[in-house]
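Asks: starting from these lines, generate the structure:
(one chain, ligands or ions: 1)
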Amino acid sequence: MRVLLAGGAGYIGTHTAVSLLDAGHDVVLLDDLSGTHAVAAERVETITGRAAPLVVGNAADDAVVTAAFDEHGPFDAIIHFAAFKAVGESTQKPLEYYANNLDSTFALLRVGLERGIRSFVFSSTGTVYADPDDLPFTEESTTSVDLSNPYSKSKRMNEVILADVARVNPELNVTVLRYFNPVGAHRSGLIGEDPAGIPNNLMPFVSRVAIGSLERVGIFGDDYDTPDGTGLRDYIHVVDLADGHVAALQKAQPGYAVYNLGTGVPVSVLELVAAFEEAVGRELPKQVLARRPGDVAATYCDPGKARRELGWSTRLGIDDACRDYWHWQQSNPSGYAGA
Ligand code: UFG
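Replies: Have a look, this model is predicted:
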């Protein structure tokens, strides 16, 4: 298959590009480089020994998408990773989040449908589930557009739009993948997560403490109703997550389908920090802080549907994720900017 990866030079996009190339597919990356660097695409080629052409441009612009098809098409499939993703920032910049995260879908679908794509895979999130007590989340769990932040709302809005588009395009395979918490990096240490500024998410924050660019890990609350009092999340190794996209493309059927991509295993903040300390080989400075507004005590999924229908399941655990993240961090102390 020939696949256009919108947002393909980002964290999940690059890992998916590697998985697709390793599985014998062809890829083209479309990315405006607002959250990553061109060198990320070169690293995909270094890892796989195959071409991963990069088109620099915004996936929300029909002319850019059209040019990508003209130059590198036809494509059998589009995978859409191109979105703003910072939950906190989205509450401050709702218009930017809605515009970017919806316009990209519109442009990719308009051009893709006109050019005869067969499959469209969309990066969604486990935060579309509305009832925090309905654990583990299955694809049947209640969703809502009435969520706590514009980022999550924009993702759920996309899902609703995609279901409508699938209904009137009966030949099209539309697959929505609801990610839980992606962590880790490719074991080569050549590609990984490269957040700008101070990271919001736990593993990149811990890793910056380990490399010495941040002082100590803040634990956001130890008084939750969980076994050790800290938040529980479903951390999925980004390589497993990437493989989920390959499985989704290979098994895609006409119509609209939704899959959770997670491990199904809840891991606490303290457990994750301990696993990272183990990978680093020393204890890290840490401090319990107040709860972070908007956080829930626990979120994890039932990944059974993806196992049954896509034949996909995770192979890596948090120890692998910490080892690989740390290897990436040590090999690239300033991320791609230092390359
Ligand atoms: N946490 C800390 N200290 C930190 C950062 C996080 O204690 O410095 C805690 C949080 O309170 C939470 C857990 O670590 O209990 C995980 O927090 P993250 O910020 O890493 O991840 P979230 O679960 O809040 O959200 C992430 C992404 C979202 C995505 C969601 C589900 O940020 O984009 O997973 O996919 F939608």
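Asks: run through the residues of the protein sitting next to the ligand.
Replies: Counting by Cβ under 6 Å from any ligand atom, the chain comes close to the ligand at 85, 87, 125-127, 179-181, 200-202, 205, 218-220, 231, 233, 269, 292, 295. In this view, the C-beta of every residue, glycine as well, is placed from N, C-alpha and C.
Asks: pLDDT of the longest helix along the chain, averaged?
Replies: Longest helix in the chain by number of residues (criterion: DSSP state H): helix 94-114. Here helix 94-114 scores 98 as its mean pLDDT.
Asks: I'd like the next helix or strand past that helix.
Replies: For helix 94-114, the succeeding helix or strand toward the C-terminus, using DSSP states H and E, is strand 119-125.
Asks: so after that following strand, what's the next helix or strand?
Replies: With elements assigned by DSSP H and E, the helix or strand that comes after strand 119-125 is helix 150-168.
Asks: which of the residues of the chain next to the ligand fall in strands?
Replies: If you go by DSSP state E, these have 125, 179, 181, 218-220, 233 in strands.
Asks: element containing Val55, please.
Replies: strand 54-56.
Asks: run through who's touching that strand.
Replies: The contact list for strand 54-56, computed with Cβ atoms under 8 Å, 6 or more residues apart in numbering, reads 8-9, 28-33, 38, 41, 64, 67-68, 71-72.
Asks: how about a cut-off of 6 Å?
Replies: 29-30, 33, 41, 68 (Cβ atoms under 6 Å, 6 or more residues apart in numbering).
Asks: and the angle for the helix or strand following that strand with helix 94-114?
Replies: Later in the chain than strand 54-56, the nearest helix or strand by DSSP H and E is helix 62-72. Helix 62-72 runs at 40 degrees relative to helix 94-114, counting by axes from the mean of the first three to the mean of the last three Cα atoms, to 10 degrees.
Asks: what about Ala40, helix or strand, and which?
Replies: helix 39-48.
Asks: contacting residues around that helix?
Replies: Contacts of helix 39-48 (Cβ under 6 Å, 6+ apart): 9, 14, 17-18, 21, 29, 52, 54, 188, 190-191, 336, 339.
Asks: show me those that map onto helices.
Replies: With DSSP H as the criterion, helices contain 14, 17-18, 21 from among the contacts of helix 39-48.
Asks: stretch 248-261: end-to-end distance?
Replies: One end of stretch 248-261 to the other measures 11 Å (Cα to Cα, to the nearest Å).
Asks: for the residue in the stretch 201-339 of the chain positioned nearest to the ligand, which non-adjacent residue is closest in space?
Replies: Nearest residue of the stretch 201-339 of the chain to the ligand: Gly231, at 2.4 Å (Cβ to the nearest ligand atom). Leaving aside its sequence neighbours, Gly231 sits nearest to Val269 (Cβ to Cβ, 6 or more residues apart in numbering; 5.4 Å).
Asks: pLDDT on stretch 324-339, on average?
Replies: 94.
Asks: then that stretch to CSV, C-alphas only?
Replies: The C-alpha trace of stretch 324-339 is given here as CSV (Å, rounded to 0.1, in the frame of the first residue of the first chain):
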residue,chain,number,x,y,z
ASP,A,324,14.0,3.2,24.8
TYR,A,325,12.9,6.7,25.9
TRP,A,326,16.1,7.1,27.9
HIS,A,327,18.2,5.8,25.0
TRP,A,328,16.6,8.4,22.7
GLN,A,329,17.1,11.2,25.3
GLN,A,330,20.7,10.4,25.9
SER,A,331,21.5,10.1,22.2
ASN,A,332,19.6,13.4,21.5
PRO,A,333,19.9,15.5,24.7
SER,A,334,18.4,18.6,22.9
GLY,A,335,16.1,16.5,20.7
TYR,A,336,16.2,17.0,16.9
ALA,A,337,17.4,20.6,17.3
GLY,A,338,20.8,19.3,18.4
ALA,A,339,21.1,17.1,15.3
